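Trainee: attaching a predicted model along with its sequence, questions to come.
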Amino acid sequence: MFYAIPLENKPSWRNPPWMTVLLILVNMIVFWGPQSSEEKGQERAAAFYVKSALPALELPPFVEWLEKTDPKRGKLARRMLRHEEAYPQLLEGLQSERKFLQKLRADEVITPANPQYGDWKRARQQYEAMLPTPFTERWAQSYATDAEFRPWTWITNAFLHGSTGHLLGNMLFLFLFGFSVELALGRGTYLAFYLLGAVGASVLAGWAYAGGTYGLGASGAVSALMGMYAVMYRLRRIRFFYQLLFYFNYVSAPALLLLPAWIANELMQHWLGGKGIAYMAHLGGLLTGAALMAGAMLLGRVKTPETVKSEMANDDGGFDEHVAAARKYGAAMKFDRACAEWRAAAALRPNDADTLRAWFNTARLQPASDDFHQAARRIFRLPATDPDTLALQHASFQTYLDQARPGVRLKPEDMARLARRFARIRQFDDADRLCRILLKTAPDHPELADTLSTCANGLLHAGLRDKALHLLPELLRLAPNDMVTRALQKA
């Protein structure tokens, strides 16, 4: 088994993949609605069947018929016939064998000459009256050679599933690949291509499995999305999680390389004689999806991944408007309203240093306000570690420490992070000040040992051994085996 899951992209909930969500909902409604209702009705009918006289009358001739028409299945059925708990599986097989069922209903298996014919006929009629109106079989794609030509089932079968696991597995892959393809194609084209992918999958499966029973499941249409995804991203390197048999790993590879890998996997699985999974439907979907996406790209109907990414970045919910309003209110000295606009802009771009700086500088005019404390905390939590960000954090810390009213409001993890960063840029006085506060207010904080070690190590490398030694007692308590602790003990 081989599969690969893209880890590169995330859905944009500012422009949600509504069509993908709708397709998932429809599949779930069909499965947990009419399909589940049909299954419960079949279970009730099967329970009656097992307790009736029908198994003793129908199953032995059915097994004999299988032994003549399909010896391999017949041999297995003969063993199952010995165990009553296997009767429901044998019944399911009997109901799916159309030719035998036709002979049975035509009184050719249990004839009127049979002494038990009357009892059998009444029990058979009662059983069939209990059977629910066929739903799954009606809308699934039939592979039987004498099946009625029903081209609509090439699409409807993609909304049916055989089990909860079958459904959830397909829906997971539908979401993982669907949202990226939907953003690139637009909802209308995306839906059309999804349905055409289902048709392509059904056509190849109908040819490959002619003479079989029937096919259902969204995997063919989902495979079409996978083919579209590979062609859309082409040689762009995408990070994937993959599994090959019992081995799994992460890899960054050109997306287009996955298309032949997927195709080879489906062919191999088909040739190995995989049962219960329509690998040729997967292959049909992959080829159809790849062809559709290639054609759409030639016609210029596809937003490239770069375009989609740019649009997602620009879909900022009015960021520029908030910035313009903040500057206007600031110039008019309406600082409360200016802070509100800067706060809204920061919510849209939480890691934008320029926005946070402007919010902080506006809010510092009212040092007791929540905005001043919030802006400071947001600056201190910036994830970047470039020199400009570290300089902004240090300058903001000094201002905040001096002006915050009635006092600073920093959590221990914020102080620990700042202390480590200040030690790295050799702002040892402020790093030491934060360490002292931590030792007083949060002496058992889980980050304290690492913070003290980082500060002491910075002091040692700066040649300030005496200052580093002041931290030794606490390091002996918190991290006695740390390399920095040992180095200080040798000093």
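Mentor: The structure has been received and is ready for your questions. As the structure is a prediction and not an experimental result, all values here were calculated from the model. Numbers count the residues shown, from 1 in each chain.
Trainee: domain parsing for the chain?
Mentor: What automatic domain parsing lists as the domains of the chain is 2-16+149-312, 21-141.
Trainee: mean pLDDT lowest where, among those?
Mentor: Note on these: lowest mean pLDDT is at domain 2-16+149-312, with a mean of 84.
Trainee: which residues in the stretch 1-150 of the chain form helices?
Mentor: 18-30, 36-51, 54-69, 71-80, 87-96, 98-105, 117-130, 136-139 (DSSP state H, counting those that start in this stretch).
Trainee: as TSV, the ones you listed with mean neighbour count would be great.
Mentor: Where you see a C-beta, it was placed from the backbone N, CA and C, and this is true even at glycine. As requested, these are exported to TSV (neighbours: other Cβ atoms under 10 Å):
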stretch	mean neighbour count
helix 18-30	17
helix 36-51	15
helix 54-69	17
helix 71-80	14
helix 87-96	17
helix 98-105	14
helix 117-130	14
helix 136-139	18
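Trainee: next one: the closest residue to residue 156 other than its chain neighbours from residue 216, what distance?
Mentor: Leaving aside its sequence neighbours, residue 156 sits nearest to residue 139 (Cβ to Cβ, 6 or more residues apart in numbering; 4.2 Å). Look at residue 139 and residue 216: by Cβ to Cβ, to the nearest Å, they are 8 Å apart.
Trainee: and residue 341, by the same measure?
Mentor: In terms of Cβ to Cβ, residue 341 sits 54 Å off from residue 216.
Trainee: try residue 295
Mentor: Computed with Cβ to Cβ, the distance linking residue 295 and residue 216 is 28 Å.
Trainee: cool, residue 384 as well?
Mentor: For residue 384 relative to residue 216 (Cβ to Cβ), the value is 50 Å.
Trainee: between these two, which is the more surrounded one?
Mentor: residue 216 (23 against 12; other Cβ atoms under 10 Å).
Trainee: once you drop chain neighbours, what's closest to that one?
Mentor: Using Cβ to Cβ, 6+ apart, the nearest residue to residue 216 is residue 160, at 3.9 Å.
Trainee: residue 327 is nearest to which of the helices of the stretch 1-150 of the chain?
Mentor: For those, the distance to residue 327 is smallest for helix 18-30, at 35.5 Å, taking Cβ to Cβ.
Trainee: what is that closest one packed up against?
Mentor: Contact here means 3 or more Cβ pairs under 8 Å, 6 or more residues apart in numbering; DSSP states H and E; on that basis helix 18-30 packs against helix 164-185, helix 187-208.
Trainee: adding distance to residue 449, write those helices out as CSV.
Mentor: Shown next, in CSV, are those (distance: least, Cβ to Cβ, whole Å):
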stretch, distance to residue 449
helix 164-185, 40
helix 187-208, 52
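Trainee: out of those helices, nearest to residue 403?
Mentor: helix 164-185 (45.3 Å).
Trainee: contacts for stretch 141-151?
Mentor: By Cβ atoms under 8 Å, 6 or more residues apart in numbering, the residues outside stretch 141-151 that reach it are 98, 153-154, 157, 202, 205-206, 209-216.
Trainee: go on, stretch 368-379?
Mentor: By Cβ under 8 Å, 6+ apart, stretch 368-379 touches 339, 342-343, 346, 350, 353, 356-357, 359-360, 362-364, 366, 392-393, 396-397, 400, 403-406, 409-410, 414.
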